[in-house]
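Asks: prediction below, plus the sequence it came from.
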Amino acid sequence: MTKTGEVAGEEGVLGRPGGGWPAVGVLAAATFTVVTSEMLPVGLLTPIGGDLGVSDGTAGLTLTVTGLVAAVSAPLLTMLVGRWDRRAVLIALMGTLAAANLLAAAAPGVVVLLVARVLVGLGMGGVWALAAGLAVRLVPEGRVPAATSLIFSGVAAASVLGVPAGTLVGELGGWRAAFVAMGAVCGVVAGALALLLPSLPSTGAVRLGGVLALFGRASVRTGLVLVALLVTGHFAAYTYVRPVLEEVAGAGAAQVGSLLLVFGVAGLVGNFVAGAGAARSPRGALLVICAVLAGAVLLMPVCGRAWGVAGGAVALAVWGLAYGGVSVSTQTWLMAAAPKGREAASALFVAVFNGAIALGALAGGRAADGWGAVGVLRLGGVLVVGALVTAGVGRAPAAG
């Protein structure tokens, strides 16, 4: 068994190399793949809705359903897999994601599409919950913050490459082609996991009592509230970023992919900057993130109306820079708050994170249908301001 903090490179139980940075890299590819799979409809809402004959709000349910299922599956799968080798579980879950994306591509109507998105939620909830806490088992202790940032860089890279690339494929070959391509990527990543991950036997089965016991820690509760407010606020607005850019900034369909790329590049930078900052002070990092994110979301209508697409691009870049640090900073907060219950804390983190994605997509859909683009941004901004207050007054761990 690979012990916590042990130098990677030893032989695994089945004779494969014992992990190290190649294993960390393939986990980053896994987080990239699951987040891209989850977020793929963001840049495709308009063509999906047009093809299936539903509104943008209804098409947004493809995100809501995925988030809800991931929220439930993350803690349940973490407990159900018990002492199974984490490598085998991750490979199986990635295979589930591949099948789910191919089913989505073949969906004749919105019902089958939603069934496929249920399977996406099942696969991504398990992959994310297990992968998030594995850095400590793959690299020396002093390298764990950097390895954790690299694993979570897959989240930001999904915005940089995954969502814009999916949007581009959708524009060139139709939205179904984007899901076919995503299914192929999932298959490749499953093979890479089989090749590069060492055997990762469980260090101890996660039980319901252990998960629930974490709620007794004030710093864990504060961290979960932060995740809920930040992610709900972000996705209330970001799920509908395409119609927002079209209505507020006057962006054309051909410009949306480029603007999402701006968001993603900024997010990738924000991930590594925030990872370093959160390792020193999770509270300090999240105070900055919340303040910048709230300002960018609330000021986007002003920037878009004043300077058009250029103004929208600036606001989106600042938004991406701030949001790129959310995953790694909040995960660092929770790992520091529960150092002896990392896998259970990761399961709670992923559950709340994806429940917030679902809630944000749902709330944003109602706001989009009832209040329009500006209402979506105001809702998201207010929720992020709530996160800023929580980060300031709640109990925080001393260091990441």
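Replies: Everything's here; your move.

Asks: which strands or helices does whichever strand or helix holds Val309 pack on?
Replies: Counting by DSSP states H and E, the element that carries Val309 is helix 282-323. When contacts are defined as 3 or more CB pairs under 8 Å, 6 or more residues apart in numbering; DSSP states H and E, helix 282-323 sits against helix 218-238, helix 241-248, helix 253-280, helix 326-337, helix 342-393. Every C-beta, even on glycine, is put in place using the N, C-alpha and C of the backbone.

Asks: switch those over to JSON lines; also include mean pLDDT, mean neighbour count and distance to Pro41.
Replies: As requested, the helices and strands packed on helix 282-323 are exported to JSON lines (pLDDT from 0 to 100; neighbours: other CB atoms under 10 Å; distance: least, CB to CB, whole Å):
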{"stretch": "helix 218-238", "mean pLDDT": "94", "mean neighbour count": "25", "distance to Pro41": "12"}
{"stretch": "helix 241-248", "mean pLDDT": "83", "mean neighbour count": "22", "distance to Pro41": "10"}
{"stretch": "helix 253-280", "mean pLDDT": "86", "mean neighbour count": "21", "distance to Pro41": "13"}
{"stretch": "helix 326-337", "mean pLDDT": "90", "mean neighbour count": "28", "distance to Pro41": "19"}
{"stretch": "helix 342-393", "mean pLDDT": "87", "mean neighbour count": "22", "distance to Pro41": "9"}
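
Asks: so which of the ones you listed comes closest to Leu134?
Replies: helix 342-393 (9.0 Å; CB to CB).

Asks: could you check the angle helix 326-337 makes with the closest one?
Replies: Calculated by axes from the mean of the first three to the mean of the last three CA atoms, to 10 degrees, helix 342-393 forms an angle of 100 degrees with helix 326-337.

Asks: other SSEs contacting helix 342-393?
Replies: Under the contact criterion of 3+ CB pairs under 8 Å, 6+ apart, helix 342-393 touches helix 56-59, helix 61-80, helix 110-131, helix 208-213, helix 218-238, helix 241-248, helix 282-323, helix 326-337.

Asks: relative to Ala190, which of these is closest?
Replies: Once the helices and strands packed on helix 342-393 are compared by CB to CB, helix 110-131 is nearest, at 10.2 Å.

Asks: how about the closest one: buried residues?
Replies: Applying a neighbour-count criterion of 16 or more other CB atoms under 10 Å, one finds 110, 113-114, 116-131 buried in helix 110-131.

Asks: likewise for stretch 180-190?
Replies: For stretch 180-190, using 16+ other CB under 10 Å, the buried residues are Val180, Ala181, Met182, Gly183, Val185, Cys186, Gly187, Val189, Ala190.

Asks: CA atoms of that stretch as PDB?
Replies: Provided in PDB are the C-alpha atoms of stretch 180-190 (Å, rounded to 0.1, in the frame of the first residue of the first chain):
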ATOM      1  CA  VAL A 180     -19.400  12.100 -29.700                       C
ATOM      2  CA  ALA A 181     -16.000  13.700 -29.400                       C
ATOM      3  CA  MET A 182     -16.300  13.900 -25.600                       C
ATOM      4  CA  GLY A 183     -17.100  10.200 -25.400                       C
ATOM      5  CA  ALA A 184     -13.900   9.500 -27.300                       C
ATOM      6  CA  VAL A 185     -11.900  11.600 -25.000                       C
ATOM      7  CA  CYS A 186     -13.300   9.800 -22.000                       C
ATOM      8  CA  GLY A 187     -12.300   6.500 -23.500                       C
ATOM      9  CA  VAL A 188      -8.700   7.700 -24.000                       C
ATOM     10  CA  VAL A 189      -8.500   9.000 -20.400                       C
ATOM     11  CA  ALA A 190      -9.800   5.600 -19.100                       C
END
